[in-house]
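>>> sequence unavailable; structure follows:
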């Protein structure tokens, strides 16, 4: 697994194009590295997500936007920045949900209370056969502002699995 960032960059010299890549470092630094002699103005980081497996997420986003790809040998896509952001968020949610589910099966809205009592993290870890550090790492990957929406989306997704309703990977829910 390669924890890192998947990012979407734009460049005013390339209107309508978005570069989607991954880095194990800082996305802003990566954008600065890409500002070479062949590029007249710097890239702008439009969106980035920190994710457990950046390589897998990058491949997922490239696949989701395959019809927009300029060349299979380059990471540039002719699409709106919002479409690229949505694809990054979808990869983020899918991977973080799967990661959380591995350590905290049946994850529900109640687990928000875990942040108030470290003893609960130990109890969940023991129940799941994980270490408290692994459970904390799983929660760490969710941005605080995304915690409640992430949990609600996870519950919806889990309910679909449990009810055997049709679920199509890539529907963004």
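Everything's here; your move. For clarity, every value in this text was computed on a predicted model and none was experimentally measured.
>>> hmm, residue 19 is touching residue 11, no?
Yes. The pair residue 19 and residue 11 passes the contact test of Cβ atoms under 8 Å, sitting 7.5 Å apart. Yep, even glycine has a C-beta here, placed from its N, CA and C like the rest.
>>> between these two, which contacts overlap?
Common neighbours of residue 19 and residue 11, using Cβ atoms under 8 Å, 6 or more residues apart in numbering, are residue 43.
>>> can you check the pLDDT for residue 5?
Note for residue 5: predicted pLDDT of 92.
>>> what's in contact with the helix or strand that contains it?
Assigned by DSSP states H and E, residue 5 falls within strand 4-10. For strand 4-10, the surrounding residues in contact (Cβ under 8 Å, 6+ apart) are 17-27, 30-31, 34, 43-51, 54, 57-58, 61, 81, 84-85, 88, 91-92.
>>> pull up the pairing partners for the very next helix or strand once past it, direction included.
Once the chain leaves strand 4-10, the next helix or strand it forms, by DSSP H and E, is strand 17-23. If you go by DSSP bridges, strand 17-23 pairs up with strand 4-10 (antiparallel), strand 76-78 (antiparallel).
>>> what lies in contact with strand 17-23?
Contacts with strand 17-23, where a contact means Cβ under 8 Å, 6+ apart, come from 2, 4-11, 29-30, 34, 43, 46, 54-55, 57-58, 61-62, 65, 70, 75-81, 84, 87-88.
>>> could you point out the longest helix of the chain?
Taking DSSP state H as the criterion, the chain has its longest helix at helix 81-103.
>>> show me where this structure has helices.
Under the criterion DSSP H, the chain contains helices at 27-33, 54-64, 81-103, 118-128, 132-140, 147-163.
>>> those: lowest mean pLDDT?
That would be helix 147-163, which, of all the helices of the chain, carries the lowest mean pLDDT at a mean of 58.
>>> report all helices and strands that the longest helix of the chain contacts.
strand 4-10, strand 17-23, strand 44-51, helix 54-64, helix 118-128, helix 132-140, helix 147-163 (3 or more Cβ pairs under 8 Å, 6 or more residues apart in numbering; DSSP states H and E).
>>> taking helix 54-64 as reference, get the angle to it.
Angle of helix 81-103 versus helix 54-64, following axes from the mean of the first three to the mean of the last three Cα atoms, to 10 degrees, is 130 degrees.
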